[in-house]
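S.K.: Coordinates only, no sequence provided:
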Ligand code: TXA
Ligand code: MG
């Protein structure tokens, strides 16, 4: 059977029936969503879910998100939903928003890492939505990448690392957002951001009047410290080389610092915003996009981080962006890609 389904330039989704059949029978499917690609399996099938952990090399204490296509599916898997949680889902679904809710017993322990809660998202990507509804079950899916690597935002970035491990590959072109969903848990009535994303704190505040950001989205974990979202514990998004992130509101300070750091290495590689590329003349530079267009930076950042390894530099120096709006999510990923090696001037 041909594994690969090309849906890049067509609205004929009939071939998704085949992929849905694979999900129902316990197989693994790589599929597009508006955030990043997912590595999906039947979210109610313990054995199928275990295959996801094996394929990714993911620690079994890191729970998965269940993806649903409509609100009927929600009621099958979650319970005791508060008014504020309903408001958030109504506002941001379908879309790049995951909410942590109390789970029903039908959800396998392997999905939730035995927690009492389950992360749930209704994607807006049409292919994802149809795949879920044709399958008739919630699809458990982490980002499509080997654990620790940048998330996949197009098939060519992840083909080599995952194609042998899945039963079906659905190509839907480049991911629209490029960063994983915003993860929120409502704690004592306050929406708490556990992972920043395209849905910003400001967006959430507009809907329910309040929001807080978990301190762990930027801080390094102390040994043994408890976290609300197990994913925060793990190394993520990192190129093979040593990386350092630098940011300043003052662009001259930023550029000078990066030039200073680069001068003490033999083969530095700089990830620069478009505005500064020329200032690093003589160095190897990857243009991450304009600092005035954070959507563009978000869309390409994981592909840019993946390009780095091809050059095998002795240091990777990454320009940061302002931690505002989508900039919060971009910086959260970059800080982790650089293993908290961060200088702010
Ligand atoms: O955009 C996305 O969210 C993508 C696409 C495929 O939907 N998925 C994704 O999944 O990024 P993953 O597994 O790479 O990240 C899920 C994050 C992890 O940090 C995990 O720890 C957290 O969500 N999470 C999942 N269930 C949770 C729960 N019950 N409580 C707290 N955190 C949870
Ligand atoms: Mg991930």
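M.R.: Nice, I can see it. Just so it is clear, the structure is predicted and the values come from calculations on it, not from any experiment. Ligands and ions are numbered 1, 2, ... in the order given.
S.K.: Please name the residues that touch the residue of the chain found nearest ligand 1.
M.R.: Closest approach between the chain and ligand 1, counting by CB to the nearest ligand atom: residue 231, at 1.8 Å. Where you see a C-beta, it was placed from the backbone N, CA and C, and this is true even at glycine. By CB atoms under 8 Å, 6 or more residues apart in numbering, the contact list for residue 231 reads 62, 195.
S.K.: measure it to residue 65 for me?
M.R.: 10 Å (CB to CB, to the nearest Å).
S.K.: next one: residue 187
M.R.: Taking CB to CB, one finds residue 187 at 18 Å from residue 65.
S.K.: Tell me which of these two has more neighbours.
M.R.: Set residue 187 next to residue 65 and count neighbours by other CB atoms under 10 Å: residue 65 wins out with 26 against 13.
S.K.: got the residue ranges for the helices in the stretch 201-345 of the chain?
M.R.: 201-208, 251-263, 294-311, 326-337 (DSSP state H, counting those that start in this stretch).
S.K.: Looking at the last one now, give me its mean pLDDT.
M.R.: The average pLDDT within helix 326-337 is 96.
S.K.: just the shortest one next, same as before
M.R.: Per-residue pLDDT values across helix 201-208 average out to 98.
S.K.: which parts of it are buried?
M.R.: 201, 203-204, 207-208 (16 or more other CB atoms under 10 Å).
S.K.: what about residue 102, which SS state?
M.R.: When classified by DSSP: H, G, I helix; E, B strand; the rest coil, residue 102 comes out as strand.
S.K.: so it bridges to which residues?
M.R.: Listed beta-bridge partners, residue 102: residue 79, residue 117 (assigned using DSSP bridges).
S.K.: residues in contact with it?
M.R.: Contacts of residue 102 by CB under 8 Å, 6+ apart are 78-81, 116-118.
S.K.: what about 7 Å?
M.R.: 78-80, 116-117 (CB atoms under 7 Å, 6 or more residues apart in numbering).
S.K.: Check residue 38 too.
M.R.: Contacts of residue 38 (CB under 7 Å, 6+ apart): 31, 67, 141, 143-144.
S.K.: can you list the residues of the stretch 101-250 of the chain near ligand 1?
M.R.: 112, 115, 117-119, 121, 141-143, 180-181, 183, 194-195, 228-231 (CB under 6 Å from any ligand atom).
S.K.: Is it possible to mark the buried ones in those?
M.R.: The buried subset of these (16+ other CB under 10 Å) comprises 112, 115, 117-119, 121, 141-143, 180-181, 183, 194-195, 229, 231.
S.K.: Could you single out the nearest of the contacts of residue 38 to residue 242?
M.R.: residue 143 (23.4 Å; CB to CB).
S.K.: Ramachandran angles for the closest one?
M.R.: phi -60, psi 150 (degrees, to the nearest 10).
S.K.: nearest spatial neighbour of it, skipping sequence neighbours?
M.R.: Spatial nearest neighbour of residue 143, chain neighbours left out: residue 151 (3.7 Å); criterion: CB to CB, 6 or more residues apart in numbering.
S.K.: State the pLDDT value of residue 255.
M.R.: Residue 255 is given a pLDDT of 98.
S.K.: same question, residue 59
M.R.: For residue 59, the predicted pLDDT is 93.
S.K.: How about residue 84?
M.R.: For residue 84, pLDDT reads 98.
S.K.: Which pLDDT value goes with residue 1?
M.R.: 54.
S.K.: just residue 174 next, same as before
M.R.: Reported pLDDT for residue 174: 98.
S.K.: Now do residue 242 against residue 336, distance only.
M.R.: Distance from residue 242 to residue 336, by CB to CB: 14 Å.
S.K.: Of the two, which one has the most company?
M.R.: Higher neighbour count among residue 242 and residue 336: residue 336, with 19 against 15, using other CB under 10 Å.
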